[in-house]
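Student: Quick one: sequence and predicted model below, then my questions.
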Amino acid sequence: MSKTIFEKICSREIPATIIYEDELVVAFRDVNPQAPVHILVVPRQPITRLAEAGPGAQALLGHLLLKAAQVARQAGLHGGYRLVINNGPDGGESVPHLHCHILGGRAMGWPPG
């Protein structure tokens, strides 16, 4: 199976503006931002989508969310932000590698779609 674009970014095969990384996750700016601040937080271990994550992914998913909050704080999003995880084509998923979008820098409307 070929690597996703996110796996290639994590392994530095494709350049990205990386703003945080550790042994489990990488955070980088989205190349097609949908808000003034649009950052993706991607686990290094590929999980296709949230609906396919098993109990063994619990610690990684918790780490992903906690690091997303840390990255949002570091990006200056003190007034709030939105976290989005798309699941499946109808959910807006375009890359089959679980990831979290941090969207901020403006007021977010509701409903989002």
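Tutor: Perfect, thanks for sending it. Predicted model, so just to flag it, every value in this text is computed and none were measured. Numbers count the residues shown, from 1 in each chain.
Student: Which SSE is immediately downstream of the host helix or strand of L83?
Tutor: When elements are defined using DSSP states H and E, L83 is found to belong to strand 81-84. Sequence-wise, the next helix or strand downstream of strand 81-84 (DSSP H and E) is strand 100-104.
Student: ok, and what's touching that next one?
Tutor: With Cβ atoms under 8 Å, 6 or more residues apart in numbering as the contact definition, strand 100-104 has outside contacts at 27, 30, 34-42, 64-65, 68, 71-72, 75, 77, 79-86. For glycine as for every other residue, the C-beta is placed from the backbone atoms N, C-alpha and C.
Student: can you check stretch 56-65 too?
Tutor: So stretch 56-65 is in contact with L24, V25, V41, P43, Q45, I47, L50, A53, L83, L98, C100, going by Cβ under 8 Å, 6+ apart.
Student: Now do T48 against A69, distance only.
Tutor: Between T48 and A69 the distance, using Cβ to Cβ, to the nearest Å, works out to 24 Å.
Student: Repeat that for I5.
Tutor: As judged by Cβ to Cβ, I5 and A69 stand 24 Å apart.
Student: What is the neighbour count of the residue nearest to P15 when sequence neighbours are not counted?
Tutor: In space, P15 comes closest to I9 once its chain neighbours are excluded; the distance is 8.0 Å by Cβ to Cβ, 6 or more residues apart in numbering. One way to gauge burial is a neighbour count; for I9, by other Cβ atoms under 10 Å, it gives 19.
Student: got it, and L64?
Tutor: Burial measure for L64: 22 neighbouring residues, criterion other Cβ under 10 Å.
Student: tell me the secondary structure for it?
Tutor: Assigned by DSSP: H, G, I helix; E, B strand; the rest coil, the conformation of L64 is helix.
Student: I'd like the distance between it and G88.
Tutor: Separation of L64 from G88 (Cβ to Cβ) stands at 18 Å.
Student: Give the other helices and strands that the strand ranked longest in the chain contacts.
Tutor: Scanning the chain for the strand with the most residues, using DSSP state E, yields strand 37-43. Strand 37-43 makes packing contacts with helix 5-10, strand 25-29, helix 58-74, strand 100-104 when contacts are defined by 3 or more Cβ pairs under 8 Å, 6 or more residues apart in numbering; DSSP states H and E.
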